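Visitor: show me how the following folds:
(one chain, ligands or ions: 3)
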Amino acid sequence: MEVKARAPGKIILAGEHAVVHGSTAVAAAIDLYTYVTLRLPLLSDENNDRLTLQLKDLSLEFSWSVSRLKEVIPCDSSTVSPSTPTSSSSETLKSIAVLVGEQNIPEAKIWLSSGISTFLWLYTSILGCIPATVIITTELPYGSGLGSSAAFCVALTAALIASSSSDKTRGEGWSSLDETNLELLNKWAFEGEKIIHGKPSGIDNTVSAYGNMIKFCSGEITRLQSNMPLRMLITNTKVGRNTKALVSGVSERTVRHPEAMNCVFNAVDSISKEVAAIIQTKDDISVTEKEERIKELMEMNQGLLESMGVSHSSIDTVIQTTLKHKLTSKLTGAGGGGCVLTLLPTRTVVEKVVQELESSGFQCFTASIGGNGAEISF
Ligand SMILES: Nc1ncnc2c1ncn2[C@@H]1O[C@H](COP(=O)(O)OP(=O)(O)OP(=O)(O)O)[C@@H](O)[C@H]1O
Ligand SMILES: C[C@@](O)(CCO)CC(=O)[O-]
Ligand SMILES: [Mg+2]
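Guide: Ligands and ions are numbered 1, 2, ... in the order given. The predicted structure is shown next:
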């Protein structure tokens, strides 16, 4: 039996980091996906007793015998509960770390450890210790602010849930999951994100699961209906960073300066709400006026992200370069490097600014905003 799933990456238009502390944020799915193929062997296939994970883009393969998994991870009916998402215990994560450690991950790719631990945890919690081959490919840059971790958790969970569903209607191409399974998938993916991010807000897995554009505050999701064209240039600074460390840095600053940081988070909350309102408004305001307002709010949001300590000199370079072309930019996702968003007002000619950014060693691309969420295919 084979099932395929895919889940999109995302951009955060406003509110990253502050959303972890209860502020509103606005995010949209983009048309760059992580793909998962799950192959379960037939019962008659006696030779297959391994769980294998192939990360195709990185030409890496990890494999565990089912007996080794059973030795280390509790895999009985009390721990395998596909329809009731649970949090990973620290003992289970310690056991999983042993299994990951046995795989000799190349030192240069050691950042994959959290992803592989998450894979083992989601897989064994939803399907148990059974053999399979799981193949993963992605169009998203790893650890760059476009939600690679969430797309990975969502696509993997979608494939796992779909494989255990009784309704395996063969269809043409991709189809979405029903509301109940989407909700279930989103809960599991959030538990996976916890292993990678430490303390995620849940916005990344939610927008990856549901797609479109959302306003998100303390787990409450509002789907947004955009009433304006929204074009963004995405620039990858290629400076590596890790969301978990950046999120915990903001929390530490909040412990040191609670009052000041709460003012920052409140300001971000207002900015995100205003961004959402502008995108949705049907009032008689010209597109140019809407773009001007969003531009200013992005500039303010970037200033507040700087005061949280999550910007980076490479991000400043992108901001200064785009400013020379009268364009406004802000970091997106966790910052510290990673990707930067530049608003492209209607009729902007991007060639020159892209040329200048790429000559500084950055990578630019545009992505379609607000597309589909998680999908499966049999
Ligand atoms: N396709 C994948 N296969 C395996 N692991 C992955 C994959 N995609 C992401 N990961 C895991 O997620 C980690 C990156 O997550 P991180 O949250 O730091 O960045 P991001 O999700 O790309 O950015 P952001 O959280 O700011 O949107 C990687 O180090 C890896 O452990
Ligand atoms: C930095 C952060 O706000 C967004 C990462 O894309 C973390 C989170 O919300 O989980
Ligand atoms: Mg992430």
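Visitor: please list all residues in contact with Tyr142.
Guide: By C-beta atoms under 8 Å, 6 or more residues apart in numbering, the contact list for Tyr142 reads 111, 148. (Glycine included, C-beta is placed from N, CA and C.)
Visitor: the residue minimising distance to the centre of the chain and ligand 2, how far apart?
Guide: For the chain, the residue nearest the mean C-alpha position is Gly147 (2.4 Å; C-alpha atoms, centre = their mean). Look at Gly147 and ligand 2: by C-beta to the nearest ligand atom, to the nearest Å, they are 6 Å apart.
Visitor: same check on Gly333?
Guide: For Gly333 relative to ligand 2 (C-beta to the nearest ligand atom), the value is 4 Å.
Visitor: kindly report the residues of the stretch 51-200 of the chain close to ligand 1.
Guide: 55, 111-112, 114-115, 136, 138, 142-150, 152, 196-197 (C-beta under 6 Å from any ligand atom).
Visitor: if you set the cut-off to 8 Å instead, what comes out?
Guide: 55, 57-58, 111-116, 118-119, 136-138, 140-152, 193, 196-197, 200 (C-beta under 8 Å from any ligand atom).
Visitor: mind checking which of the residues you listed are buried?
Guide: 55, 112-116, 118-119, 136-138, 140-152, 193, 196-197, 200 (16 or more other C-beta atoms under 10 Å).
Visitor: please enumerate the strands of the stretch 251-378 of the chain.
Guide: 329-331, 339-343, 363-366, 375-377 (DSSP state E, counting those that start in this stretch).
Visitor: between those strands, which one is nearest to Val318?
Guide: strand 339-343 (4.3 Å; C-beta to C-beta).
Visitor: circling back: got JSON lines for the strands of the stretch 251-378 of the chain, with mean pLDDT too?
Guide: Output for the strands of the stretch 251-378 of the chain, formatted as JSON lines (pLDDT from 0 to 100):
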{"stretch": "strand 329-331", "mean pLDDT": "98"}
{"stretch": "strand 339-343", "mean pLDDT": "98"}
{"stretch": "strand 363-366", "mean pLDDT": "95"}
{"stretch": "strand 375-377", "mean pLDDT": "96"}
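Visitor: how about JSON lines for these, with distance to Ser270 added?
Guide: What follows is the strands of the stretch 251-378 of the chain, written out as JSON lines (distance: least, C-beta to C-beta, whole Å):
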{"stretch": "strand 329-331", "distance to Ser270": "16"}
{"stretch": "strand 339-343", "distance to Ser270": "19"}
{"stretch": "strand 363-366", "distance to Ser270": "29"}
{"stretch": "strand 375-377", "distance to Ser270": "35"}
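Visitor: tabulate the ones you listed in a markdown table, adding columns for mean neighbour count and distance to ligand 1.
Guide: Formatted as a markdown table, those follow (neighbours: other C-beta atoms under 10 Å; distance: least, C-beta to the nearest ligand atom, whole Å):
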| stretch | mean neighbour count | distance to ligand 1 |
| --- | --- | --- |
| strand 329-331 | 28 | 9 |
| strand 339-343 | 26 | 8 |
| strand 363-366 | 15 | 14 |
| strand 375-377 | 21 | 17 |
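Visitor: quick one: which of the buried ones among the residues of the stretch 51-200 of the chain next to ligand 1 sit in strands?
Guide: 55, 136-138 (DSSP state E).
Visitor: now flag whichever of those residues is closest to ligand 2.
Guide: Nearest to ligand 2 out of these is Thr138 (C-beta to the nearest ligand atom; 15.7 Å).
Visitor: quick check, pLDDT for that closest one.
Guide: Looking at Thr138, its pLDDT reads 98.
Visitor: for the closest residue to it other than its chain neighbours, what are its contacts?
Guide: Leaving aside its sequence neighbours, Thr138 sits nearest to Thr34 (C-beta to C-beta, 6 or more residues apart in numbering; 4.2 Å). If a contact means C-beta under 8 Å, 6+ apart, then Thr34 has 6-7, 9, 136-140, 148, 151-152, 154-155 as its contacts.
Visitor: around ligand 2, which positions in the stretch 151-300 of the chain sit nearby?
Guide: So far as C-beta under 8 Å from any ligand atom goes, the stretch 151-300 of the chain lies against ligand 2 at 193, 197, 199-204, 243, 246-247, 250.
Visitor: for the residues you listed, which one is nearest ligand 1?
Guide: Thr243 (3.4 Å).
Visitor: the closest one: how many residues sit nearby?
Guide: 28 (other C-beta atoms under 10 Å).
Visitor: surely it meets Ser148?
Guide: No. Taking contacts as C-beta atoms under 8 Å, Thr243 lies outside contact range of Ser148: 9.6 Å.
Visitor: perfect, I'm done here.
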